[in-house]
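heads up, no residue letters with this:
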């Protein structure tokens, strides 16, 4: 039996629905408004306090407030107090140097130095093709004077900065070598920073140590990988220990050379937007790979390790990585300074986010305190993590060869059976 609904009842129902909708909208709007008002009042309180402090200093401080220094300090303090563990403020000068490092190039003489126990600077590395190399400087040399300033323990950081400068400018170094002092005039110029260090191990195992990931690292990596393939490499150990990451696009290009076309990582932003990055190169590295990691392996280096694990392309050896699975963006300010802040969280295709968790190794091998201290001098014969990586990659290579032999035997058996049936 059909019941007729009166027009009055229908209007009443519509009015109720409208009223409920209006009420819910008003509640939500008031909530948003209150949050905005609260945030506005909170910010107002911050600005008011800063204004009060500023007035006190300018009225009572016996000295003169340096406005530039104050602005830099306030900007740095904001980044530190934001709650973002990776936020940082760069002055215009610091940002210029940071940009050069990220690009994989610096202006300098092309040396890496450390403070020696004597207080002098000791040269620990010389970049290939640098003016330091062509001028005859050597690893182990002590820099005891730069121009007319003697190098001391208390000014060593400042002296290291003096090694860099404007391209084309000259610097005079007093070098102590074998207890003899000599003067060298060296010209500062652009120099590419090497970040990939190759070595061919016994059994045609290609070894690539990647110290950081700059704009030029992918080019260096692919160049050295192809060179070792030409030399007969049948497997690879890629060493990402102490690699703090760097440039995302460079890491993607490294993965692009190893993997076929497929998704590799997604970045989820504050507004909920998710951006997926994929490899697009059909060229892949189809041979056993082992990745070396430790607790200083971070960000883009972790992405590479986790992605290759996700797709079964590599085994990992060492210790759990740092767990820095977030994306940091550098935003340049109008005065040439810049801020770096966390903008998204990374996630690889087949795993939960490694942020704050780290990438767990397939084979955990720890170094002793003594081995950690002597890390830079360890090799495949004295480094337990490296020795394990060699053992694992050899096992993977044997398994791959046995699989090929088994498939070949099966094909031959099938072929013989087919011939017999004919």
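Received, thanks. Since this is a predicted model, take the numbers as computed values, not measurements.

How confident was the prediction at residue 9?
Here, the pLDDT recorded for residue 9 equals 58.

Also residue 244?
Confidence at residue 244, expressed as pLDDT, is 94.

Please tell me how far it sits from residue 301.
When distance is defined by C-beta to C-beta, to the nearest Å, residue 244 is 7 Å away from residue 301. C-betas here are computed from N, CA, C, even on glycine.

Pick out whichever of these two has more residues nearby.
Ranked by neighbour count (other C-beta atoms under 10 Å), residue 244 and residue 301 place residue 301 first, with 30 against 17.

Double-check that one against residue 210; I have them as touching.
Yes - at 7.2 Å, residue 301 counts as touching residue 210 under the criterion of C-beta atoms under 8 Å.

Quick check: neighbours shared by these two?
Shared contacts of residue 301 and residue 210, defined by C-beta atoms under 8 Å, 6 or more residues apart in numbering, comprise 240, 243.

Please name the nearest non-neighbouring residue to the most centrally placed residue in the chain.
Closest residue to the average C-alpha location of the chain: residue 245 at 1.4 Å, with C-alpha atoms, centre = their mean. Of all residues not flanking residue 245 in the chain, residue 299 sits nearest, at 2.8 Å (C-beta to C-beta, 6 or more residues apart in numbering).

residues contacting the one you found?
Residues in contact with residue 299 (C-beta under 8 Å, 6+ apart) are 244-246, 322, 324-326, 328.

So which of those wins on neighbours?
The most neighbours of any of the contacts of residue 299, using other C-beta under 10 Å, belong to residue 325, which has 26 neighbours.

Skipping its backbone neighbours, what lies nearest that one in space?
residue 355 (3.3 Å).

Report whether the one you found is found in a strand, as I expect.
No - the assignment for residue 355 by DSSP: H, G, I helix; E, B strand; the rest coil gives coil, which leaves it out of any strand.

distance of residue 260 from residue 357?
Distance check for residue 260 against residue 357: by C-beta to C-beta, it reads 28 Å.

one step back: looking at the contacts of residue 299, which one is closest to residue 376?
Distance to residue 376 across these (C-beta to C-beta) is lowest for residue 244, with 16.3 Å.

Need the three-state assignment for the closest residue to that closest one other than its chain neighbours.
Spatial nearest neighbour of residue 244, chain neighbours left out: residue 298 (4.8 Å); criterion: C-beta to C-beta, 6+ apart. Of the three states, residue 298 takes coil under three-state DSSP.

How about the contacts made by residue 298?
Applying C-beta under 8 Å, 6+ apart to residue 298 gives the contacts 243-245, 321-324.

do the same with residue 383
Neighbouring residues of residue 383 by C-beta under 8 Å, 6+ apart: 367, 371.

pLDDT score for it?
Looking at residue 383, its pLDDT stands at 97.

Could you measure from it over to residue 70?
Separation of residue 383 from residue 70 (C-beta to C-beta): 49 Å.

swap in residue 95?
The span separating residue 95 from residue 70 equals 19 Å under the rule C-beta to C-beta.

neighbour count winner among those two?
Counted by other C-beta under 10 Å, residue 95 and residue 70 do not tie: residue 95 has more neighbours, with 19 against 12.

Just to be sure, the more buried one is in a strand?
No - when three-state DSSP is applied, residue 95 is found to be helix, with no strand at that position.

Retrieve the pLDDT associated with residue 154.
88.

Looking at the nearest residue to residue 380 once chain neighbours are set aside now. What's its pLDDT?
Nearest residue to residue 380, sequence neighbours excluded (C-beta to C-beta, 6+ apart): residue 386, at 4.9 Å. With respect to pLDDT, residue 386 scores 97.

State the number of residues packed around residue 200.
Counted with other C-beta under 10 Å, the burial measure for residue 200 works out to 14 neighbours.

From residue 245, how far off is it?
From residue 200 over to residue 245 (counting by C-beta to C-beta), the distance is 26 Å.

got the contact list for the nearest residue to residue 362 once chain neighbours are set aside?
Take residue 362 and drop its neighbours on the chain: the residue closest to it by C-beta to C-beta, 6+ apart is residue 315, 4.6 Å away. Taking C-beta under 8 Å, 6+ apart, we find residue 315 in contact with 289-291, 309, 362-363, 392-393, 396.

Please indicate which of those are buried?
By the neighbour-count criterion of 16 or more other C-beta atoms under 10 Å, the contacts of residue 315 include these buried positions: 289-291, 309, 392-393, 396.

Test of understanding: give the bridge partners of the nearest residue to residue 116 once chain neighbours are set aside.
Beyond its immediate neighbours in the sequence, the residue positioned closest to residue 116 (C-beta to C-beta, 6+ apart) is residue 122, lying 4.2 Å away. Taking DSSP bridges, one obtains residue 114, residue 142 as the residues bridged to residue 122.

Do I have it right that residue 122 meets residue 144?
No - using C-beta under 8 Å, residue 122 is not in contact with residue 144, being 10.3 Å away.

which ones are touching the nearest residue to residue 127 once chain neighbours are set aside?
Computed as C-beta to C-beta, 6+ apart, the closest residue to residue 127 that is not its neighbour in sequence is residue 110, at 3.9 Å. Listed by C-beta under 8 Å, 6+ apart, the contact partners of residue 110 are 126-127, 129-133, 191.

for residue 255, same thing?
Residues near residue 255 by C-beta under 8 Å, 6+ apart: 264, 279, 303-304, 307-308.

Sort out which residues of the helix or strand that contains it are buried, please.
Counting by DSSP states H and E, the secondary-structure element that holds residue 255 is helix 248-258. Within helix 248-258, the residues scored as buried using 16+ other C-beta under 10 Å are 248, 250-258.
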